[in-house]
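> how would this look folded up:
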Amino acid sequence: MPNTIVTYLKLHKVSIVLALLSSIFYYTFAYHLERTDFIKLLALFAALFVLCFKLVQFEKWNFRFLLAIGIAFRVLFIVAEPNLSQDFYRFIWDGELVSHLVNPYLSVPDVLIEQSNLAVANAQELYAGMTRLSTKNFSNYPPLNQLIFGMAALLGGKSILGSVMVLRGTIILADVGIFYLGRKLLKKLNRSPHLIFWYFLNPLVIIELTGNLHFEGVMLFFFVWALYLLSVNKWQWAAVVYACSISMKLVPLLFLPLFLKHFNFKKAVVFYLIIGTTSLLLFAPFYSSEFITNYSKTIGLWFSNFEFNAGLYNGIKQIALQFDAKPWELIKTYGKITPIVTIIAVLLFTFLRKNEKLSVLITSMLWVLTLYYFMSATVHPWYVIFLVVLTAFTKFRYAFIWSAAIVLSYYAYSSADFKENLWLLAIEYIAVFIFLIYELVAYRNKT
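The predicted structure is shown next:
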C-alpha cells in the first residue's frame, strides 16, 4: 500500500470510522426500517445527526472527502423503496400520464382507474399505493416537476423500481449541483464555503430528498443557481432559472416582492416579466380551460383542509377547543387568514429592509419563510429543508436545530390513524424558539 494512502488513513481514521458508521445507519434506514417503528426511527435520526456534526467539525476543510461520503450516503438508497412517504406512487402515476401525452391536471386517479384502456403501467399497484387524499384530488405538482416525472416513466422501463431509480438519480444530481453552486455563492457572500455541508450532509436532506424522493432538492438547485447568477450580475438569466424553481415547487413565489428593492423599479419590472414569461411557457403544454380551476382548487386544499406538525395553529386550536370551537371550521377560517398575514409580512420585509444587498435579501427570505412555516397548519419535515439552505447563507443556525428536532413529528406515522403527539410537537417548537431567541439576542448584542 503506498505511503500516501497509509498516511491519509492514519490522519483521517476517526472520520473514516464515523463515515462507515453513518453508512451502516443509512443502509438500515433505507432497507430495514418500518415507519411505524418510531423508537428505531428516532434513534437512527439522532445518531446520524451526531455523526454529521462530528464529520463536518473534523473535516470541514476536506471538501473532497465530505463530498465523496455525501454522494456515497445517497447512493446507498438507490434501489430502496421510500419508507416514510407514499408520494412517489403519485409521481410515477403522473409521469406515466405525461409520457403518454395525457394531461395530469384534468382527471383524478379515482376516475382514471375505472378506464379499461388506461395508459398507465402498473396502474393498480400505483393506485393502491397512493393515499386516499391523493387518489381523489387533481395533481398539485407544477409543470417542470411533471416533465421530470414523465422522463422517469420513459426511462424506467415500465418498472416502478426503474422509475424510482431515475427520480432518485435526478435528486442526487440536483444535490451535487447545490453543493457546487452553494460553495461559489458562499464565497461571493464572503462566507466560509464549508457551510454548504450543513445542507449536503444533513440527515434530513439525505433521508427526505434522496430517500423519500421529495423534489424540494431540485427546486432548491434552481433557486441557489438563480441566487448565484444574481451575485455575478447575470440577473436576466437569474430570472429564467428562478422561474424554473417556481415550476418545480411554488414556494419561491413567496419571495417575488422582495426583489422590488433589490433592483431599481425598471429592472425589477423586467425581472418579473422574464419570470412571468418563462413560467407561462413552462405551463403552456398543460394548459386547458379546466386547468386553472382544477389546479387552484387543489392548491387551496393545503390552506384550508390539511394539518400536520403545526406550530402556532396547534396552540390556537387547543385554546379554541376550550370554547367549543369546531376543528373543521377552525382550519378553514385559519386557512383564509394565513395567506393575508403572510402577504402583510412579505410587504413589510419588502419595504422596511435594505434588500439591495444580496445577503440582506437572503436573510429577508429566511424570515419570511420562517414566519410562514410558524403560522402554517401543515409543515411536513421536508419543507424545513428550504430553511436549511437559506440559513447556510446567513449568520443564523436555528434551521439546523429544526431539521433535527422535526423528527419528533414522525411519531404520527407510528399509528394507523396518523394521530399526532402534541407534547412531542411542543418539544420540537420550543427547542426551535429557544435557539432562535438566543440567536436574535446574541446577534443584537454583537451588532
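> what about L273, neighbour count?
By other Cβ atoms under 10 Å, the residues close to L273 number 11. All C-beta atoms are positioned from the backbone trio N, CA, C, and that covers glycine.
> Let me fix that, I meant to ask about D87.
Here the count is done by other Cβ under 10 Å, and D87 has 20 residues near it.
> Pull up the gap between it and H214, please.
7 Å (Cβ to Cβ, to the nearest Å).
> and what of K446?
Counting by Cβ to Cβ - K446 and H214 are separated by 36 Å.
> quick one: which of those two has more around it?
Using other Cβ under 10 Å as the criterion, K446 and H214 rank with H214 on top: 26 against 7.
> Report the spatially nearest residue to that one, omitting neighbours in sequence.
Spatial nearest neighbour of H214, excluding adjacent residues (Cβ to Cβ, 6 or more residues apart in numbering): W382 at 4.3 Å.
> Buried residues, the helix or strand encompassing L425. List them.
According to DSSP states H and E, L425 maps onto helix 422-446. Neighbour-count burial for helix 422-446 flags L424, L425, E428, Y429, A431, V432, F435, L436 (criterion: 16 or more other Cβ atoms under 10 Å).
> Now do that helix: distance to the chain's middle.
21 Å (Cα atoms, centre = their mean, to the nearest Å).
> Which strands or helices does it pack on?
For helix 422-446, the packing partners by 3 or more Cβ pairs under 8 Å, 6 or more residues apart in numbering; DSSP states H and E come out as helix 312-322, helix 398-405.
> Now the weakest link among those helices, please, by mean pLDDT.
Comparing mean pLDDT across the helices and strands packed on helix 422-446, the weakest is helix 312-322, with a mean of 83.
> Let me have that one in PDB, keeping just the CA atoms, if that works.
C-alpha atoms of helix 312-322 as PDB (Å, rounded to 0.1, in the frame of the first residue of the first chain):
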ATOM      1  CA  LEU A 312     -49.000  28.400  16.100                       C
ATOM      2  CA  TYR A 313     -52.100  26.700  14.700                       C
ATOM      3  CA  ASN A 314     -51.900  23.900  17.300                       C
ATOM      4  CA  GLY A 315     -51.700  26.400  20.100                       C
ATOM      5  CA  ILE A 316     -54.700  28.400  18.800                       C
ATOM      6  CA  LYS A 317     -56.600  25.200  18.200                       C
ATOM      7  CA  GLN A 318     -56.200  23.900  21.800                       C
ATOM      8  CA  ILE A 319     -57.400  27.300  23.100                       C
ATOM      9  CA  ALA A 320     -60.300  27.400  20.700                       C
ATOM     10  CA  LEU A 321     -61.400  23.900  21.700                       C
ATOM     11  CA  GLN A 322     -61.800  25.100  25.200                       C
END
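> after that helix comes which helix or strand?
Downstream of helix 312-322 (by DSSP H and E), the next one is helix 327-352.
> circling back: can you report how many residues lie near the residue nearest to H214?
23.
> measure it to V388 for me?
From W382 to V388 the distance is 10 Å (Cβ to Cβ).
> now do A405
From A405 to V388 the distance is 12 Å (Cβ to Cβ).
> ditto for K395
15 Å.
> For R132, grab the count of nearby residues.
8.
> circling back to that earlier point, would you mind listing the outside residues contacting the helix holding L425?
309-311, 314, 318, 370, 395-398, 401-402, 405-406, 408-409, 411 (Cβ atoms under 8 Å, 6 or more residues apart in numbering).
> now do stretch 311-327
Residues contacting stretch 311-327 (Cβ under 8 Å, 6+ apart): 307, 310, 330-331, 334, 373-377, 379, 422, 425, 429.
> Try it again at 10 Å.
307, 310, 329-335, 337-338, 341, 371, 373-379, 420, 422, 425-426, 428-430, 432-433 (Cβ atoms under 10 Å, 6 or more residues apart in numbering).
> What residues of that stretch count as buried?
G311, L312, Y313, N314, I316, K317, A320.
> For PyMOL, write the selection for the buried entries among the contacts of helix 422-446.
The buried subset of these, as determined by 16+ other Cβ under 10 Å, is captured in PyMOL by this line:
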select buried, resi 309+310+311+314+370+396+397+398+401+402+405+406+408+409+411
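> Three-state assignment for M248, please.
Classification of M248 using DSSP: H, G, I helix; E, B strand; the rest coil returns coil.
> Hmm, L144 and it touching each other?
Yes - using Cβ atoms under 10 Å, M248 makes contact with L144 at a distance of 5.1 Å.
> Which residues are in contact with each of these two?
F215, V218, M219, F222, L282.
> what's the average pLDDT for the one helix or strand the last one maps to?
Element membership for L282 (DSSP H and E) is helix 265-283. Mean pLDDT, taken over the full extent of helix 265-283, equals 95.
> Flag every buried residue along it.
A268, F271, Y272, I274, I275, T278, S279, L282, F283.
> Just list what that helix packs against, helices and strands only.
On a contact count with 3 or more Cβ pairs under 10 Å, 6 or more residues apart in numbering; DSSP states H and E, helix 265-283 meets helix 143-155, helix 235-246, helix 259-262, helix 291-304.
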